[in-house]
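Peer 1: predicted coordinates and the sequence they were generated for:
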Amino acid sequence: MRWRSRARLAARGVLGAAFALALIAAGCGGGGEAAGGTAKIGGSMILATTTSTQDSGLLDVLVPLFETQTGVQVKVIAVGSGAALEMARKGDADAVLSHSPAAEQELVERGDLVEGRLVMHNDFVLVGPTGDPARVRGAGSIEEAMRRIAASGGFVSRGDNSGTHATELALWKAAGIDPAGVPRREETGQGMGATLNIADQRRAYTLTDRATYLALRDRLSLAVVFEGAAPLLNIYHVYVVNPEKHRGVNAAQARAWAEFLVAPETQRVIGKFGKDRFGEPLFVPDAGKSVEDLGR
Amino acid sequence: MEVCFWEVEARKQGRMVLEVPELALGRRATTAVLGPNGAGKTTLLRLAAGLERPARGEVLLDGEPAERAGPRRAAFAFQRAVFLRGTVRENLDLALRLRGADAAERRRRIARAAELCGVGQLLERDALQLSGGEAQRVNLARALALEADLVLLDEPLSGLDGPSRESLLADLPEMLAASRATVVLVTHDRDEALLLAQELVLLLGGRVEAQGPAGQVFRRPPTLAAAAFLGYTVVGRRAIRPGALALGGGTPVIRFTVERVVDLGTQLAAEGRAEGRVVRAAVPPGAAPPAPGDEAAASAPPDAVLTYGDDGRLAE
Amino acid sequence: MGEFWAGLAEAVRLIVSGDREVREIALRTVYVSGAATALAMLAGVPAGYALARSRFPGRMLVLGAVNTGMGMPPVVVGLVVWLLLVRSGPLGGLELIYTKEAMVIAQFLIATPLVIGFTTAAVQALPPELPELLQMLGAGRLRRLWLLAREARLGLLAAVMAGFGGVVSEVGASMAVGGNLQGQTRVLTTAIVTETSRGNTERALALGIILLAMAFAVNLVLTRVQQRAR
C-alpha cells in the first residue's frame, strides 16, 4: 500500500523537526556565571510583579543595579497582581513584588510566600475630567467622594484583579455602594496606562496610582480630584516564594533581591525616583517600618 | 523485450480486476490490448510498467521483475498527456536527462523524436498550452525519445477530435515501426487495434478471452463473447461478421422486423431487432428499401457466419 | 489623526537614527518568526504532501484537524504552551519558559497547520499522474520530491508567506511564553502592547509601522520569487 511509504516520509519530516527543536532546547542555557566575590551569585530568577509597578519605570532603574551587583539575571514578568500571586501559588516565580496586602496575606498563611518585607508605598489618587462634573473636589471623605461619583459621574475600573482594582473595590464597599450597581461604571481588564486613556476618552473618573498618573499627566486631560486618605495608601511588599513548598525555586537569588530592595542604598534610590522628571518622588521608602507607621 | 505474466492476479479494494495465468507479449511487435472499459486493460499495462505489483504471481521483463526493470527499461505514455512547467523542448530534455543522456545525445534524440512524431514546430511552445492533438503527439514523442526496449501506450488516441485522431492513426504505425521496440498499446476501439497492431489480446472481465495475430482473432473469434465485443451480430449460437449481412441473397440467416432504414452515407441499411439484439443489414444497391414494420430476411457469405457450441467456444 | 502623522514621523526617526533598542527588537522578531517558519516548512511540507497523496483510514479527521489548526487563535496556543513550559507544568524542568526558544516553539505550532494546509492544496492541484510520470521517466524518490516541489512552487511559496505572516503578526502567544522581557524576549508585537499600555501611543504606532514595513518587505521578496516562477 503506497500510503505506508508516504506516512513514513511524513513521520521522518516530523521527527526531523522535533530533533531540531530538541537541539534548540538543549542549546538554551541558564543565566550568568557564578563569578567570584561575595555579592556576585549569578544564576537567574523570575520576579512576578504588577503592571503598574513595571509601568512606573522604577524597576528599569532597580533591576540593572541589582543585576550588576549580583550577576543575577532577572526576568520581570509584569501581570495583574491576581496573576502574579497565582504564579507564586503554583511556584512558577521566585520572588514577588506586589501591593495587594490582603491577598498577599492569604498566600503567606498558606505557606506559598515567605520572608515578606515592607519595601515602600505610594498612594492612589482619584482623577477626573476637567470641570469635575460630579463635584468630587471638596468631598469631606473618600467615602463621600465615591458616593458623588456613583450619583452623577462615569467611572472606569481596571477590573483585572490588580492591587488597584482591589483598592477600588474596597473603597466602594466602605462607601456602602455595590460597584455593579453604579450606572456608568465600566471595566477595562487592562493596565493602568490603558485604563487612564479610556477614562480620558470617556470623560470619566478613575482610581490610579500616583506614579502612573504623573508619568502620563501631560497626555491626559484628567486632574487629581481627591487624595491623601489612609485607604488610598498603596503598600508594597517583597516576598520569596517558599522553596520548601515549591520545587525549582531559585531561593538564593530571590533572597538576594529581597535584601537588595530593603538595603539602605537601594532605599535611597527609591526615595529619589521620579523627582527630576515630575518634580516629586513617586514612592516613599519604608524598609524597617511597620505598616501602622504609614500614612500621612 | 519480452513481457511475461505468470499466475497473475490483481485486485482493487478486494475485488479481482485481472486474472492472467499465462501471457507472453512478444518481441519487436505491436500488441493491442483490447477490451471494454473496466476490463482490466490499464491494470495490465501498469503491471507491465512496474507501477503496480500484482496481488499474486509475477510480471517479468526479459526475466527481470517489472517493478525494478520497468522504470529503467520501459517508456510509458499516460492516457492524459501530463507535462511540467516549461517548453516542450524542456520537458523532453528533462525526460532524457533523467535517463542519463548527455547534452549532445539529448539534442539528437529530441530532434529525431520530434521529426518522427511531427512536433518539430512545437518544440519552443509552452507545454501546458498545447491542444489535445498536439499534446498527445508530444506525449508520444517523449516516450519514443527514451528509445526504450518496451513502449507502453495507454489509449494513445483518447480524447482526440476527428481530424487529430485520423492524422495520428495514420502516422502512429510508422512512428512505432521506426522505434523497433516491443510496443503494447491499450484501446477500447476495435478499428484502432486492427489498424495499429499486429498482435491482439482481447480482455473481457479481467481475463484473456482471445489472443493471436490481430486479423486472425478478428476473423475467427474463439468465443461468442469475443465475437460480440468485436462487433459480430450474435443470434442464438451464431455470430455474423460485421458488415456481412445484406437483405435478400441466398439462404436467409436471420429474420427480423424492420424498425427503421438508416442512411450510412455509403449505403442504406435496414435496422431492426432479433432476439433482443440490434441487427443491421445492408440494402443491396438498386433494391428498394423496406418500410418500417416490414418483415425482412438477410443472408451472409458462409465464411462470415460462425457457429459456437454450448460452452460458447467456436464449434468448427 | 494627528497621532498617525506623529507616529509616522517617529517611525522614520527611529529607523533613520538606527535606534539601538528598536533595531534589537526588530532583529529578534525576524529571528524568532523566521526560525519558526523554517521549522514549520521542514515539518509541514512532507506532512502536507503525504496528506494530499495518501489514502488512509482517518484521513478526513486529519484534514479536519489541519483546517481547524489553521484558524486556531494564537493566544490559545500560547496559553497551552505556557501551561506546558511553566515551572509547575509537565515540561517545567526544561527551563524554557520566558525564552526566545519558547517563542519559536509556540510560533512553530501556530505556523505548521498553515503550512500543511497550503501544501496539501498545492499538491492536490498538481496533475495526479505527475509522480508516476516522473517515476516512469526514471526519477528516484528524492529527485521526484524535488521536481514535484518545483512544480508546486507557487503554492509552496504561498505556504511560506502564510506561515510567516501568521506568526510575525501574532502577540498573544509571544507575550504568554516569552514574557516580553526587555532585551531578551521582546518582539515588535509585544513591544507595541507595552507602549500602548503605558500610553505611549506615538511610539506604539511607530513600532507598528516598522512591523508592517518589515512584513511587507519580506512578502515582497517572496512574491517576486513566486511570480518569477510562473
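Peer 2: Sure thing, it's come through.
Peer 1: tally of neighbours for residue C:162?
Peer 2: The burial count assigned to residue C:162 is 18, neighbours taken as other C-beta atoms under 10 Å in any protein chain shown. Quick note: C-beta positions are derived from backbone N, CA and C, even for glycine.
Peer 1: which non-adjacent residue is nearest it?
Peer 2: residue C:114 (4.7 Å; C-beta to C-beta, 6 or more residues apart in numbering or on different chains).
Peer 1: now that neighbour: how far from chain B?
Peer 2: Computed with C-beta to the nearest C-beta, to the nearest Å, the distance linking residue C:114 and chain B is 25 Å.
Peer 1: kindly report the same for residue A:219.
Peer 2: Residue A:219 is 57 Å from chain B, by C-beta to the nearest C-beta.
Peer 1: can you report how many residues lie near that residue?
Peer 2: When neighbours are counted by other C-beta under 10 Å, residue A:219 comes out with 15.
Peer 1: which phi and psi values does it adopt?
Peer 2: phi -90, psi -10 (degrees, to the nearest 10).
Peer 1: cool, and the one 3 residues further on?
Peer 2: Per-residue torsions, residue A:222: phi -110, psi 150 (degrees, to the nearest 10).
Peer 1: report pLDDT for residue A:165.
Peer 2: pLDDT for residue A:165: 87.
Peer 1: which elements pack onto the helix or strand it falls within?
Peer 2: According to DSSP states H and E, residue A:165 maps onto helix A:163-174. In terms of contacts (3 or more C-beta pairs under 8 Å, 6 or more residues apart in numbering or on different chains; DSSP states H and E), helix A:163-174 is packed against helix A:142-152, strand A:205-209, strand A:233-241.
Peer 1: can I get those in TSV including distance to residue A:132?
Peer 2: Listed next are the helices and strands packed on helix A:163-174 as TSV, based on distance: least, C-beta to C-beta, whole Å:
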stretch	distance to residue A:132
helix A:142-152	10
strand A:205-209	9
strand A:233-241	23
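Peer 1: out of those, deepest packed?
Peer 2: Counting by mean count of other C-beta atoms under 10 Å in any protein chain shown, strand A:205-209 has the highest mean neighbour count of these, with a mean of 27.
Peer 1: check whether the next helix or strand along the chain from that strand comes near chain C.
Peer 2: Next helix or strand after strand A:205-209 toward the C-terminus (DSSP H and E): helix A:210-216. Yes. Using C-beta under 8 Å from any C-beta of the partner chain, helix A:210-216 reaches chain C at A:215-216.
Peer 1: so where's the longest helix in chain C?
Peer 2: When chain C is parsed with DSSP state H, its longest helix is helix C:20-53.
Peer 1: and chain B, is the helix or strand just after that helix touching that?
Peer 2: The helix or strand immediately downstream of helix C:20-53 is helix C:59-70, counting by DSSP H and E. No. Helix C:59-70 lies out of reach of chain B by C-beta under 8 Å from any C-beta, never closer than 15.4 Å.
Peer 1: got a list of contacts for helix C:59-70?
Peer 2: Contact with helix C:59-70 is made by C:51, C:112-114, C:116-117, C:120, as judged by C-beta atoms under 8 Å, 6 or more residues apart in numbering or on different chains.
Peer 1: so which of these comes closest to residue B:268?
Peer 2: residue C:120 (59.0 Å; C-beta to C-beta).
Peer 1: roughly how far apart are the closest one and residue B:35?
Peer 2: To residue B:35, residue C:120 is 36 Å away according to C-beta to C-beta, to the nearest Å.
Peer 1: quick one: the strands in chain A, in order.
Peer 2: Secondary structure of chain A (DSSP state E): strands at A:44-50, A:73-79, A:95-98, A:113-129, A:155-157, A:185-187, A:205-209, A:222-226, A:233-241, A:284-285.
Peer 1: select, out of those strands, the one closest to residue A:136.
Peer 2: The nearest among the strands of chain A, by C-beta to C-beta, is strand A:222-226 at 4.3 Å.
Peer 1: and that closest one with helix A:142-152, angle?
Peer 2: 130 degrees (axes from the mean of the first three to the mean of the last three C-alpha atoms, to 10 degrees).
Peer 1: contacting residues around strand A:222-226?
Peer 2: A:125-130, A:132, A:136-137, A:139, A:142, A:145, A:196, A:199-200, A:205-206, A:213.
Peer 1: are any of those buried, and if so which?
Peer 2: A:125-129, A:136, A:139, A:142, A:145, A:196, A:199-200, A:205-206, A:213 (16 or more other C-beta atoms under 10 Å in any protein chain shown).
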